[in-house]
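**Q** next input, structure requested:
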Amino acid sequence: MVYTNGRNMPFKKTSAMDQKLQFISEWNRGELDLSKLCRKYSVSRPTGYKWVERFKQEGFVGLEERSHEAKRHPNALSVELEALIIKARSKHPTWGPKKLVEWVQRTENLDRVCAPSTAGELLKREGLNVARKAGALRSTPWAGPLGCYDAANAIWCVDFKGWFRLGNGKRCDPLTMTDGYSRYLLRCQGLDHTGFENTRRNFEAAFWEYGLPERIRSDNGAPFGSVAIGGLSRLAVWLMKLGIVPERIDPGCPYQNGRHERMHLTLNEAIKDPAYDLRGQQRRFNAFRKCFNEERPHEALGQRTPASCYQTPLRKYTGRVEEPQYESGMITRKVQGNGEFNWNGAELFLSGTLEGETIGIEEVGDGQWQIRYGTMVLGSFDERGKKIVPIAKPRAWRKICH
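**A** This is a model prediction of the structure:
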């Protein structure tokens, strides 16, 4: 490579190897002693002696640059630990270094394995790391104004994971339920449709097994919500008669159920290669649920498993439903089959989902009446106009965390 000195006068840049060769050539001729030779080439005497000794032992090859990397790493992973981490990754191909290290430590009963970064370097070296998509957005876990995940069974989260086709071409709609506090996957059931009765039977099976939560959070889609007053659906009415508050997130805000949505991302590994039929797919769901609850460490739980954090509710399910109770002095009416109730000889339409249910009506002002179903305020009407005005969102769903 040729450079100039500012006056377009070229001079040659010599490499370190060229300098070593010239140094050894002059030393072989014996014209200068080693001290003067070192001063001429601007190197220290130990460096000069080192070059000469390497030349004597190895010839010109000994003058080549050598790696400065340490020959021994006291904190390096042993072959046995490397094999355990690689084996764990083959069993759980979507887990990251943190989960793999904790899982190996727990399953092998070891005091310590290694830092997650060390395991990450191992996976990278072996070509086993899964690169994230650039710019991918992640859902942030939310514990905001709808309710507080302050204890196990305070809030169960529920949703239908997007449907997919099985190997036989039939549809599968996975119904999932999790405990918001412990992330415990209570239910992962493949259904052939999302109707009310099908969903209610699966809710009931979960209640028989685990008991009753205080609240159940869902989106606004059927069968959890509806376009009826208060967004009430038949399923929501049934839950309320069991003493459960049906929470619904705001439309278009899936982050308000972010913990459950994050579980759905992990669930993708159980449906990326669907089974032939629903029975075979359910076996895969059961295996996924067992691994998710009992094996997979969760970073938000301090790398503990959901099963180690979950506790069954104190309220047992008996199968009995309780009719809503109203304070003495409150006027009650029965909603008829057409969704109407009688008020002073007039029929006012409320909701078909409340057919056969008893509502409470109380006066809140001069000629102004408020309608409730249980503790949930649904709307109000003016005695003169007799038109029911629904509220924006039932107050029973607005519990603020402080």
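**Q** shouldn't residue 62 be in contact with residue 24?
**A** No - using CB atoms under 8 Å, residue 62 is not in contact with residue 24, being 9.9 Å away. (C-beta placed from N, C-alpha, C; glycine too.)
**Q** please say which of those two ends up with more neighbours.
**A** residue 24 (21 against 17; other CB atoms under 10 Å).
**Q** so what's the more buried one closest to, chain neighbours aside?
**A** Spatial nearest neighbour of residue 24, excluding adjacent residues (CB to CB, 6 or more residues apart in numbering): residue 55 at 5.3 Å.
**Q** again, but for residue 379
**A** residue 390 (4.2 Å).
**Q** separation between that neighbour and residue 351?
**A** Distance of residue 390 to residue 351, given as CB to CB, to the nearest Å: 9 Å.
**Q** one more: residue 186?
**A** Distance, residue 186 to residue 351, using CB to CB: 29 Å.
**Q** what's the answer for residue 321, then?
**A** Applying CB to CB, the value for residue 321 to residue 351 is 18 Å.
**Q** also residue 93?
**A** 48 Å.
**Q** quick one, which of these two is more surrounded?
**A** residue 351 (27 against 10).
**Q** with adjacent residues omitted, what lies nearest to that one?
**A** Residue 351's closest residue in space is residue 228 (CB to CB, 6+ apart), at 4.2 Å.
**Q** list the contacts for the one you found?
**A** 351, 352, 353, 354 (CB atoms under 8 Å, 6 or more residues apart in numbering).
**Q** that's a helix at the third one, yeah?
**A** This means residue 353. Yes - applying DSSP: H, G, I helix; E, B strand; the rest coil, one finds residue 353 inside a helix.
**Q** about what we covered before: contacts only, for the residue nearest to residue 24.
**A** 24, 62, 63.
**Q** pLDDT wise, what is it at?
**A** Turning to residue 55, the model gives it a pLDDT of 80.
**Q** in the helix or strand harbouring it, what counts as buried?
**A** Here residue 55, judged by DSSP states H and E, is contained in helix 45-58. Residues of helix 45-58 classed as buried by neighbour count (16 or more other CB atoms under 10 Å): 48, 51, 52, 54, 55.
**Q** my guess is the fourth one contacts residue 62. True?
**A** Looking back up the chat, that one is residue 54. Yes - with contact defined as CB under 8 Å, residue 54 reaches residue 62; the gap is 3.4 Å.
**Q** if we can go back for a sec, which residues are in contact with both of residue 390 and residue 351?
**A** By CB under 8 Å, 6+ apart, the residues touching both residue 390 and residue 351 are 229, 230, 378.
**Q** just the ones of these in strands?
**A** Among those, the members found in strands (DSSP state E) are residue 378.
**Q** looking at the shared contacts of residue 390 and residue 351, state which has the most neighbours.
**A** Neighbour tally across these (other CB under 10 Å): the maximum, 28 neighbours, falls on residue 230.
**Q** tell me what whichever helix in the chain runs longest is packed against?
**A** Taking DSSP state H as the criterion, the chain has its longest helix at helix 278-294. Helices and strands touching helix 278-294, by 3 or more CB pairs under 8 Å, 6 or more residues apart in numbering; DSSP states H and E, are strand 171-179, strand 185-191, helix 258-271, helix 306-309.
**Q** list the helices and strands the shortest one packs on?
**A** Here helix 306-309 is seen to pack against helix 278-294 when contacts are counted using 3+ CB pairs under 8 Å, 6+ apart.
**Q** for residue 284, find the nearest of the helices and strands packed on helix 278-294.
**A** Checking these against residue 284 by CB to CB gives helix 258-271 as the closest, at 5.1 Å.
**Q** which parts of the closest one are buried?
**A** Within helix 258-271, the residues scored as buried using 16+ other CB under 10 Å are 258, 259, 260, 261, 262, 263, 264, 267, 270, 271.
**Q** was I right to think the second one contacts residue 178?
**A** Read that as residue 259. Yes - assessed by CB under 8 Å, residue 259 is found in contact with residue 178 at 7.0 Å.
**Q** mutual contacts of these two, please.
**A** Listed as contacting both residue 259 and residue 178 by CB under 8 Å, 6+ apart are residue 157.
**Q** run a quick neighbour tally on the nearest residue to residue 199 once chain neighbours are set aside.
**A** Distances taken as CB to CB, 6+ apart put residue 223 closest to residue 199, at 5.0 Å, once the chain neighbours are dropped. Neighbourhood size, residue 223 [other CB under 10 Å]: 19.
**Q** now do the contacts for residue 223.
**A** 194, 195, 196, 199, 200, 233, 234, 235.
**Q** how about 6 Å then?
**A** Applying CB atoms under 6 Å, 6 or more residues apart in numbering to residue 223 gives the contacts 196, 199, 233, 235.
**Q** low pLDDT regions in the stretch 301-402 of the chain?
**A** Within the stretch 301-402 of the chain, the stretches with pLDDT under 70 are 385, 392-402.
**Q** one more time with 80
**A** The model of the stretch 301-402 of the chain has pLDDT under 80 over residues 383-387, 391-402.
**Q** which residues of it fall in strands?
**A** For the stretch 301-402 of the chain, applying DSSP state E, counting those that start in this stretch gives strands covering 331-334, 340-343, 346-349, 358-365, 368-373, 376-382, 388-390.
**Q** now the stretch 101-250 of the chain
**A** For the stretch 101-250 of the chain, the strands defined by DSSP E, counting those that start in this stretch occupy 155-160, 164-165, 171-179, 185-191, 215-218, 245-248.
**Q** tell me the one among the buried residues of helix 258-271 nearest to residue 212.
**A** residue 260 (18.6 Å).
**Q** was I right about the closest one contacting residue 157?
**A** Yes - Residue 260 is in contact with residue 157 according to CB atoms under 6 Å; the separation is 3.7 Å.
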